[in-house]
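**Student:** Sequence and predicted model, in that order:
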Amino acid sequence: MATRDEQQAMDLASLREDYSRAGLTEDDLAPDPISFFHRWLREAVEAGLHEPNAMVVSTASPDGLPSSRMVLLKGLPAEGFVFFTNTHSRKGEELAANPHCALLFPWHPLERQVRVEGVATPLEEDIVAAYFASRPRGSRLGAWASHQSRVVDGREELAAAYAAAEARFPDDAPVPVPEEWGGYVVRPESVEFWQGRPGRMHDRLVYRRTPSGWATERLAP
Ligand SMILES: Cc1cc2nc3c(=O)[nH]c(=O)nc-3n(C[C@H](O)[C@H](O)[C@H](O)COP(=O)(O)O)c2cc1C
């Protein structure tokens, strides 16, 4: 816990940036948000951002309590945003009860963020199996060893579970997909592209899904 002196030394109230790198106009937009997201993601990769495909996923429990965590975007087909995880984890259980979720890409060095709201659908088994097979062996064994989000007695319990997975799948034996492991595609209902501008007059352009296709609108910053 920081003391009052330490808090004052941090002086959070004076920590701020003015944003002036770029602007975002209606003319810049692509006809659909996935295409435009591809463009911004490419720019995030080209700018050398650390983990440009990291996103915050927010879910809600059936009684409306929200929770957030980082995951990696692992695919971007026309349907939406793909990530992989343990389907029995907290997020997995919350999505099973309420598939509505929100994604956030915090691309600070580009003075950008992207906010997605949509509905998560579990991915088909063959897509999950193909991605699982592409993961490093250590990650595949780790998936067997970790019942994600469950309470464990200590680090030793995890180490023992990992050793058990190594013994179960020795050497180059194939590591199958654990039953509780899977992935989701989040079909967007809205996607907001945010570009920081001077004087807090940021650009916020939002795509909204309508029965006749994507509509766009500008929001006040
Ligand atoms: C940069 C980063 C990337 C991550 N990527 C994933 C991921 O792709 N899948 C995953 O299940 N957890 C990932 N995690 C761990 C999650 O943030 C989280 O701890 C875990 O999924 C359990 O979340 P839950 O208990 O809310 O379900 C990542 C964490 C960080 C910091």
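**Tutor:** Happy to help now that I have it.

**Student:** for this structure, which spans come out with low pLDDT?
**Tutor:** 1-8 (pLDDT under 70).

**Student:** Would you list the phi and psi of the residue nearest the centre of it?
**Tutor:** With distances taken as Cα atoms, centre = their mean, Met55 lies nearest the centre of the chain, 2.9 Å away. The phi/psi pair for Met55 (degrees, to the nearest 10) reads phi -140, psi 150.

**Student:** so where do the strands sit in this structure?
**Tutor:** Residue ranges of the strands in the chain, as given by DSSP state E, are 54-60, 66-72, 81-86, 100-107, 112-122, 181-195, 203-210, 213-218.

**Student:** What parts of this structure come near the ligand?
**Tutor:** By the rule Cβ under 6 Å from any ligand atom, the part of the chain lying against the ligand is 51, 54, 67, 69-72, 83-86, 89-91, 148-149. Where you see a C-beta, it was placed from the backbone N, CA and C, and this is true even at glycine.

**Student:** among those, who's most crowded?
**Tutor:** Lys91 (24 neighbours; other Cβ atoms under 10 Å).

**Student:** Do me a favour and get the end-to-end distance for stretch 93-110?
**Tutor:** 34 Å (Cα to Cα, to the nearest Å).

**Student:** Can you list the neighbours in contact with it?
**Tutor:** 21-22, 40, 43-44, 47, 49, 52, 54-62, 67, 73, 81, 87, 112-121, 184, 186 (Cβ atoms under 8 Å, 6 or more residues apart in numbering).

**Student:** Buried ones in that stretch, by neighbour count?
**Tutor:** The neighbour-count criterion (16 or more other Cβ atoms under 10 Å) identifies 93-95, 98-99, 101-105, 107, 110 as the buried residues of stretch 93-110.

**Student:** Same check on stretch 16-36?
**Tutor:** Buried, per 16+ other Cβ under 10 Å, within stretch 16-36: 19, 24, 29, 32-34, 36.

**Student:** Could you dump these into CSV with distance to Glu156 added?
**Tutor:** Compiled in CSV, those are given as follows (distance: Cβ to Cβ, whole Å):
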residue, distance to Glu156
Tyr19, 47
Leu24, 51
Leu29, 53
Asp32, 50
Pro33, 46
Ile34, 45
Phe36, 48
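
**Student:** closest to the ligand among those?
**Tutor:** Ile34 (19.4 Å; Cβ to the nearest ligand atom).

**Student:** Which two of the buried residues of stretch 16-36 have the greatest separation?
**Tutor:** Using Cβ to Cβ, the buried residues of stretch 16-36 span at most 26.1 Å, a distance reached by Tyr19 and Asp32.

**Student:** can you pull the contacts of the closest residue to Ser68 other than its chain neighbours?
**Tutor:** Spatial nearest neighbour of Ser68, excluding adjacent residues (Cβ to Cβ, 6 or more residues apart in numbering): Ser58 at 4.4 Å. Counting by Cβ under 8 Å, 6+ apart, Ser58 makes contact with 66-68, 101-104.

**Student:** just the buried members of the contacts of stretch 93-110?
**Tutor:** Listed as buried from those are 40, 44, 49, 52, 55, 57-60, 73, 81, 87, 112-120, 184, 186; burial here means 16+ other Cβ under 10 Å.

**Student:** quick revisit: which strand residues bridge the residue nearest to the centre of the chain?
**Tutor:** Val71 (DSSP bridges).

**Student:** from what I can see it touches Met70, true?
**Tutor:** Yes: judged on Cβ atoms under 8 Å, Met55 makes contact with Met70 at a distance of 7.0 Å.
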